[in-house]
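Asker: Provide a 3D model corresponding to the input given below.
(one chain, ligands or ions: 1)
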Amino acid sequence: MDVKTVMVVGAGQMGSGIAQVCAQAGYEVYLHDLDEELVNKGFERISKSLSRQVEKGRMTEGEKTLVFDHLFKSTDLQHAQYADVVIEAAIENMDMKKNIFAELDKYAPEHAILATNTSSLPITEIAAATARPEKVIGMHFMNPVPAMKLVEIIRGLATAEDVYKEIEAMAVNLHKTPVEVNDFPGFVSNRILMPMINEAAYTLYEGVATKESVDRVLKLGMNHPMGPLELADFIGLDTCLYIMETLHEGFGDDKYRPCPLLRKYVKAGWLGKKSGRGFYLYD
Ligand code: CAA
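Answerer: Numbering: from 1, shown residues only. Predicted coordinates:
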């Protein structure tokens, strides 16, 4: 298949990053969200990210304009009719994802691949909401998308081999490194990362060290670019909690029990960087 047009569903941090790298790679991209304000915010994020590249002398203003020539705003899922590949990056909620996939299945052309950027939910279950489970696949990008090399590619039970190959080639075309993983809760990335973040929250909760000290140990002791609590704020504490709950439920093992402090912060609306407060305070 000659992939020309991509639709990205969800204009948040992940969706806008995915739309940006797709547009930079020369695809025509529809960036979709529920209303115009959300889509505009996504466009602003892309503009800011590209401006960093211009400031660093890696891109000219003209090249930035060219990227925007490839980007189209969408508040109507029916735009999926133009897409060869749809990448869904909405919030981590199974019911919502199933609804989106059922809708996309109605509008997208028969040949179109429906990919999800879910960070932990079963691809097989999402695929079952469509009449084309062989064309549904996981394409899990890392945050910040333009900076991170990895894309986890996850086959659902019914995913066809040519669909896997197409998405693998697309990831390479986006200058990413695809890694194949199987459809288990949290895949590989979040099965390993989230329990570390959860354990860091327990370490703070139990008074073993201050948040700054917990982060400093992992940064200076293990060469992590960010400490786990800082990283949790960056990812979003609601997302971290949701993934821990998915691991806990999926494996039925108490070692994945979410830390009560994480729960408390999410209940308080302390969702991390995006809400101005998480483990740390932000302006
Ligand atoms: N958008 C685009 N590019 C960005 C960026 C952004 N928001 N933030 C940083 N970058 C780029 C910079 O342009 C820079 O690129 P060059 O090296 O080519 O110049 C590079 O990343 C490094 O950035 P900075 O020098 O500004 O800052 P830094 O060295 O402090 O790095 C970081 C910032 C890349 C975010 C780094 O701290 C990092 O790697 N943190 C860990 C990120 C991580 O673990 N992500 C995975 C989260 S888990 C996930 O996403 C999966 C999930 O399902 C939850």
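Asker: Give me the spatial nearest neighbour of the residue in the chain positioned nearest to the ligand, chain neighbours excluded.
Answerer: Closest contact between the chain and the ligand, by C-beta to the nearest ligand atom, is at S119 (3.0 Å). (C-beta placed from N, C-alpha, C; glycine too.) Nearest-residue entry for S119: N190, 5.4 Å, with adjacent residues in sequence omitted and distances by C-beta to C-beta, 6 or more residues apart in numbering.
Asker: Can I take it that that neighbour is in a helix?
Answerer: Yes. Counting by DSSP: H, G, I helix; E, B strand; the rest coil, N190 is located in a helix.
Asker: show me the contacts for it.
Answerer: Contact analysis of N190 by C-beta atoms under 8 Å, 6 or more residues apart in numbering lists 119-120, 243, 247.
Asker: does stretch 168-180 come close to the ligand?
Answerer: No. Using C-beta under 6 Å from any ligand atom, stretch 168-180 stays clear of the ligand, coming no nearer than 11.5 Å.
Asker: Tell me the residues on the stretch 1-150 of the chain that lie near the ligand, please.
Answerer: Going by C-beta under 6 Å from any ligand atom, the residues of the stretch 1-150 of the chain near the ligand are 49, 52, 56, 119, 142-144, 146-148.
Asker: Lowest pLDDT pick from the contacts of N190?
Answerer: Across the set of the contacts of N190, S120 stands lowest in pLDDT, at 88.
Asker: Next, give phi and psi for it.
Answerer: Main-chain torsions, S120, degrees, to the nearest 10: phi -160, psi -10.
Asker: Report how many residues lie close to it.
Answerer: By the measure other C-beta atoms under 10 Å, the count of residues near S120 is 23.
Asker: domain parsing for the protein?
Answerer: 5-182, 190-273 (the TED database).
Asker: Kindly reformat those as TSV containing distance to D283.
Answerer: Output for the domains of the chain, formatted as TSV (distance: least, C-beta to C-beta, whole Å):
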stretch	distance to D283
domain 5-182	16
domain 190-273	10
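Asker: show me where the stretch 151-283 of the chain has helices.
Answerer: Along the stretch 151-283 of the chain, counting by DSSP state H, counting those that start in this stretch, helices occupy 161-173, 189-205, 211-222, 228-235, 237-251, 260-267.
Asker: give the contact list for L34.
Answerer: So L34 contacts T75 (C-beta under 8 Å, 6+ apart).
Asker: measure it to M194 for me?
Answerer: 27 Å (C-beta to C-beta, to the nearest Å).
Asker: do D2 as well
Answerer: Counting by C-beta to C-beta, the gap from D2 to M194 is 37 Å.
Asker: coming back round to it: of all the domains of the chain, which one comes closest to L281?
Answerer: Nearest of the domains of the chain to L281, taken as C-beta to C-beta: domain 190-273 at 9.5 Å.
Asker: how long is that closest one end to end?
Answerer: The straight-line separation of the ends of domain 190-273 (C-alpha to C-alpha, to the nearest Å) is 19 Å.
Asker: Just confirm yes or no for that domain near the ligand.
Answerer: Yes. Domain 190-273 is in contact with the ligand by C-beta under 6 Å from any ligand atom, via 190, 193, 225-226, 231, 235, 239.
Asker: most surrounded residue in those residues?
Answerer: Going by other C-beta under 10 Å, I235 tops the residues of domain 190-273 next to the ligand with 26 neighbours.
Asker: now it: how far from G42?
Answerer: Applying C-beta to C-beta, the value for I235 to G42 is 18 Å.
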